[in-house]
Structures are given as structure tokens and as C-alpha cells.
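Colleague: Turn this into a structure:
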Amino acid sequence: MFAKRTDLALEARELWQESAEKTTRLAGVKAVKQKQEGYPVTRVDILDQRGEEALGKPQGSYLTIDLTTFWQRKADFFERAVRAVGSQLKPLLPAEGPALVIGLGNAAMTPDAVGPLAADHILVTRHLISAMPKHFAGFRPVAVFRTGVLGTTGVESAEAVRGLVAEVQPSLVIAIDALASRRCGRVCTTVQLSDTGIIPGSGVGNHRAALNRETLGVPVFAIGIPTVVDAATLAADLLEESGITEFDEKQLRHGKQSLMVTPRDIDQQVRDLSKVVGYGVNWALQDLEIEEMNALLS
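Modeller: Residues are numbered from 1 along each chain as shown. As a prediction, this is how the structure comes out:
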């Protein structure tokens, strides 16, 4: 059977339900829907090994925030999106201790630039607290690092982050990266949060070594924005919607070449959502209002 590709736990659950034709209950997985600041949120908890095997993802919590209406740009759309991301992220994180935020990806390739762009909007405080402890006593220590990619640095992201964690000794790591979605409708309209770590490069089909508690020794929380759809997965879905259920996987994948589909205005969409994610991380880590973040980051 053709394996449709997605990095979203929400879509992995949907694919399982489709394969099972909704005749059985998915053991080891719990899903809950709610709303935050007017944006729909779906939480998928993978509870045990049965859930891991069914969805192909590690045990933990995955929260998908649907920001489709963000692009309607109604009143307070940006502020509400920031609060939605920050309010869902904050309960996942340890309440205290220094944080290290990692911007994964290639800044020179727009669909993979989510991490570096989001890092530009993180309030960096670790050095300020060290230099002026009285003035910044109310801030949580935060450091930011942009890993670059193996092709331009010669260093695996996991290697660089491991060395930095050993030196900085954070209580937690937040890794931000681009993801791949199964459906075009979720590209640049969703944000996934998880407490299971991340595999850098997954969004553009270039999987590297994992960043998680096992590899870094501290809790790793991942934030991802889907920016691409695997062309073969998209073609398979379109064929099935038209009633064709049998097809040649080799033809869908155009031989050995891997093709990705991304929106025409991906530049603007990635810039806007990366800012939402950056501010959302600030919301979760610091006791600040959005206006205060604007002032400190300007």
C-alpha cells in the first residue's frame, strides 16, 4: 500500500482512520478538540506502544492549532494567534529554568526558513540577566541558536545542539522547524506543538539525527509549521477522491525524484507565521504583553 507522507500527528490519525474505514477504535491514542482565542485546537495524545505503532510517532502530546482564519485578518488576528500558540505551549514547558530555542532549517530556502525566521522574533535574555541581574530579574533566561544545515556548515544540527546544551545547560530546548502536511489546506494554516522532540529537515524530506530527551539529556519541545506537501501524497489523494484506488507508486513519485508542492505566496506566509511562533514562544516563556514584546524587539 502507498504510504502517504505527513509530519502532523492529526493527519497520521486521519490516515489510520481511513485505512481502518472507521470500523475500529484506535487503541493507545486519545484525541480532544477545543478552541483557543477563536482558533480550533486538536490535541492528540499517544499513550502507549500501540499508539506509537499505529501512528508512527513517539509517545507524547501533539497539539495542532488551526490558523486558517488568521489569513482573513480580522480584528486582533495576530494577537489572538500569538496568545493561542503561547497558551497551548506554556503548560507543556517546565515552569522554571533557562530555555534554549533552536531555529532549525535553511534560511536561504523559503519553505525551510521557519526556524531561522522565528528565531529573529525570540526575546534573548540570557546575556542581559548575566550582565544586569537587577534590571532583568523578572525575565527567564533565554538563548537562541540558528543551526544552519549540514550542506552549508558541515555540522549536523544534532551535533551542534548537543555541544551547546552541554555548555549552556538549559532546563529545556524548544526546536522550531518546517514540516510537511498531507493536505494543501493545512499548509501555512496550522502550527503543531509537541513534547516529543523533532527530527530536523523532516519538512523537506531530508531527515537528520533526532533532537529529543534521549539525545540531548533535557526535555525537547517542538514547534512546526507545515510549508510543503509531498507531491506523490497529493496525487494519491486526488486520485482517490476521483474514485481511482489502484495506481503505480513509481509513477506518482516520478521515479526516484522527490517533489514538493508549496504555495505561490510562501514568502509572505512563512514570514507572518514565523513571527506568530516567535511571539508565541515569548508569551509562553516571559510574563509580557504583546505590546511590550514589540518594544523590546524593535
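Colleague: which residues in the protein form strands?
Modeller: With DSSP state E as the criterion, the chain has strands at 29-36, 39-46, 60-66, 99-104, 142-148, 172-181, 190-194, 220-230, 260-261.
Colleague: and the longest one, average pLDDT?
Modeller: When the per-residue pLDDT values of strand 220-230 are averaged, the result is 95.
Colleague: what packs against that strand?
Modeller: Under the contact definition 3 or more CB pairs under 8 Å, 6 or more residues apart in numbering; DSSP states H and E, strand 220-230 sits against helix 77-89, helix 114-119, strand 172-181, strand 190-194, strand 260-261, helix 266-285. All C-beta spots, glycine's among them, are computed from the backbone N, C-alpha and C.
Colleague: tell me what the shortest one is packed against?
Modeller: Counting by 3+ CB pairs under 8 Å, 6+ apart, the packing neighbours recorded for strand 260-261 are strand 220-230, helix 231-241.
Colleague: Distance from the chain centre to it, please.
Modeller: Chain-centre distance of strand 260-261: 18 Å, with CA atoms, centre = their mean, to the nearest Å.
Colleague: Now tell me what touches that strand from outside.
Modeller: Here strand 260-261 makes contact (CB atoms under 8 Å, 6 or more residues apart in numbering) with Pro111, Ala180, Cys184, Val204, Gly205, Val228, Val229, Asp230, Ala231, Leu234.
Colleague: What strands line up against it, and which way round?
Modeller: Its sheet considered, strand 260-261 pairs with strand 220-230 (antiparallel) by DSSP bridges.
Colleague: do the same with the third one
Modeller: Take DSSP bridges as the rule and strand 172-181 pairs in its sheet with strand 99-104 (parallel), strand 220-230 (parallel).
Colleague: So for Gly151, which of those strands sits nearest?
Modeller: Closest of those to Gly151 is strand 99-104, at 13.6 Å (criterion: CB to CB).
Colleague: relative to helix 266-285, how tilted is that closest one?
Modeller: Put simply, strand 99-104 runs at 170 degrees to helix 266-285, going by axes from the mean of the first three to the mean of the last three CA atoms, to 10 degrees.
Colleague: Report the inter-axis angle for strand 99-104 versus strand 142-148.
Modeller: 20 degrees.
Colleague: so how far is strand 99-104 off the chain centroid?
Modeller: 12 Å.
Colleague: number of nearby residues for Thr152?
Modeller: Using other CB atoms under 10 Å, Thr152 is surrounded by 10 other residues.
Colleague: swap in Ala166?
Modeller: Ala166 has 10 neighbours, counted by other CB under 10 Å.
Colleague: Could you measure from it over to Ser130?
Modeller: Per CB to CB, to the nearest Å, Ala166 is found 18 Å from Ser130.
Colleague: got the end-to-end distance for stretch 221-237?
Modeller: End-to-end distance of stretch 221-237: 31 Å, with CA to CA, to the nearest Å as the criterion.
Colleague: Any buried residues in that stretch, and which?
Modeller: 221-236 (16 or more other CB atoms under 10 Å).
Colleague: mind showing which ranges of the stretch 151-298 of the chain have poor pLDDT?
Modeller: Where the stretch 151-298 of the chain drops to pLDDT under 70, the residues are 201-208, 247-257.
Colleague: try it again with 90
Modeller: Applying pLDDT under 90 to the stretch 151-298 of the chain flags residues 151-158, 182-184, 199-210, 230-260, 298.
Colleague: coming back round to it: now distance to Glu159 too, for the helices and strands packed on strand 260-261, in TSV please.
Modeller: Shown next, in TSV, are those (distance: least, CB to CB, whole Å):
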stretch	distance to Glu159
strand 220-230	15
helix 231-241	31
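Colleague: Could you verify my assumption that Arg43 touches Gln36?
Modeller: No. Arg43 is beyond contact range of Gln36, at 10.5 Å (criterion: CB atoms under 8 Å).
Colleague: quick revisit: would you format the strands of the chain as a markdown table with distance to Glu241 included?
Modeller: Output for these, formatted as a markdown table (distance: least, CB to CB, whole Å):
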| stretch | distance to Glu241 |
| --- | --- |
| strand 29-36 | 24 |
| strand 39-46 | 22 |
| strand 60-66 | 21 |
| strand 99-104 | 33 |
| strand 142-148 | 38 |
| strand 172-181 | 16 |
| strand 190-194 | 21 |
| strand 220-230 | 14 |
| strand 260-261 | 16 |
